[in-house]
Structures are given as structure tokens and as C-alpha cells.
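> Quick check, what structure comes out for this input:
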Amino acid sequence: MDEQPKENDSKNEEQLAQVRRQRLLSALRFAKPGAVVFVTLAGYLTGVVYYQTYLKEFQIDSRTFPVDAPGYWVYGASALYELLPSLNGFAAKMFWGVAAFVMLCLLVERAALNREPTSRIARCVKAVSRARLVFAPIITIPLVAVLIMSPLIVGKGGAQATFEADSKDYSGGCEHPSGGSLCSKLYDQDKLLAQGFVIVASPDQVALYRDGTTTILDLKGRRLVTEGQQVRKKGQSLQKPPTSIALPPVPSE
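As a prediction, this is how the structure comes out:
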């Protein structure tokens, strides 16, 4: 007599677990395209904020040196890399708090399904369900806000971190650079026009930084040389990302 109800309960639990798995798979299939779009758009916007903020720190208008879409994604990755050491901040703590809360709810519910129903377990499950209803909006709203603002937060923070590191490397000037930074010199034929650290460049012009001042100079018909090696000739394109990495030399003709 008692075996039949137990078999029915077991079948009901299996059916319930199967329904939940199907719902989870459906949710994942639905969320995957949205996640791809979000990551792509967030990476692009992060790169835009990073690039504009970095150049603004050097008093450069980013419209003077336009960048294509793939370049912005590269800058977005650079911004995230710059912030990796500081991921123990508010956003990270919020993420781990949400993850711990979700895991607790799942563990309690799973434990309840694997045991014989009792009044204590029933009360525990009800308490967890009520807690989810109460705390889900409190946790979800700030989390969504952080996700929406993440391109601005990551891009701006990464650019400022890069600017501070580069400014420190450039503080010694061309005479005493640090951090692997190399000073560049701009020549018109054999005449030295200017020297400094390349912040950004295009096929037609370059921004050189020296002693707290950024100067934008024309590159047409001129030579840009770093450490005695020519890095750009007339008609060649040069685009330096906002990092202290030296530009590769161009072989002499």
C-alpha cells in the first residue's frame, strides 16, 4: 500500500526535474544571442570610452585621430586588462554576493527534494521562496545598472589607469624615460622639428607628448624616428594604441 505513493512521488520528482531542465535549456538558448550582442556592443562602447578618455587626458580631441570598429574592440580589451588587478571592488563583491545567494537557494531546494517532506523542510523552502521574492529585485536592479554602466566604468577606469602609468613613464622626459618608453624625433629632411613620446598617430599627423605638453604635428614629407630607427616614411600608415609599448621599426629602403 505504501509503495505505490512512493513510486508516484518518485515519478513526479523526475517529471519536475525534467521540466526544469527543459526550461533551463530553453532559457539558455534564448539568452545566448542576447549575451553575444551585449558582449559585442559592450566591448565596442568600452573601447570608445577608453580611447576618448585617454586622449582627453593628454588634451587631444579623439576626432582628430579616428579609429575603426575593430580598433575600438582592441581598446575595450585593453581597458579590461588594465582593471584586472582591481576587480575586488564593489562590482566584484556584488557579483559574488548574487552568486552565493543563487547557490544557497538552489542547494536548499535540492536538499528539500531529496528528503522526505516534513514540516521543517516545508517551512525552510517557503522561507527561501519568500526571500527570493523579496531580495531578487533588490539584487537584480543594482546588478542590471552595473551591467548597463559597465562600458563607462571599465572604459573610463582603464583609460585613467593607463594614463597614470604612461605619465609616470614619461615624467623623466626624453633624457630619462622609464617603463620601456621610447622617445621619438620628427625630422624635416635633416632638421629636427620636435621630439617626445608618441601618444597616437595617423598617416598624416602625430601627437607627441613632452614635459606635460602635447603637440600635434604634420607628418607629410617628414620622418618620425625612434631610438635612431625610422618608424614611418611618407605614405606609410602608423596607428599607435594608447599604451607605453614602443612602435616597431620599419625597415629602411
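> Counting neighbours, which bits of the longest strand anywhere in the chain end up buried?
Counting residues, the longest strand found in the chain (DSSP state E) is strand 191-201. Using 16 or more other Cβ atoms under 10 Å as the test for burial, strand 191-201 gives Ala194, Gln195, Gly196, Phe197, Val198, Ile199, Val200, Ala201. From N, CA and C alone the C-beta is placed, and that goes for glycine too.
> can you redo those residues as a markdown table with pLDDT and distance to Val49?
Formatted as a markdown table, the buried residues of strand 191-201 follow (pLDDT from 0 to 100; distance: Cβ to Cβ, whole Å):
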| residue | pLDDT | distance to Val49 |
| --- | --- | --- |
| Ala194 | 92 | 29 |
| Gln195 | 92 | 31 |
| Gly196 | 92 | 25 |
| Phe197 | 93 | 23 |
| Val198 | 93 | 22 |
| Ile199 | 94 | 17 |
| Val200 | 93 | 16 |
| Ala201 | 91 | 21 |
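> and the two most separated of these?
Farthest pair in those (Cβ to Cβ) is Gln195 and Val200. Separation: 16.4 Å.
> Can you give the domain ranges for this protein?
Recorded structural domains for the chain (assignment: automatic domain parsing) are 3-170, 172-253.
> before we move on, the earlier item: for the buried residues of strand 191-201, which one is nearest Gly47?
Nearest to Gly47, judged by Cβ to Cβ, of the buried residues of strand 191-201 is Val200 at 13.8 Å.
> The closest one touches Glu57, doesn't it?
No: contact criterion Cβ atoms under 8 Å: Val200 and Glu57 do not qualify, at 11.8 Å.
> Show me what Val200 is bridged to.
Partner residues in beta bridges with Val200, using DSSP bridges, are Ala207.
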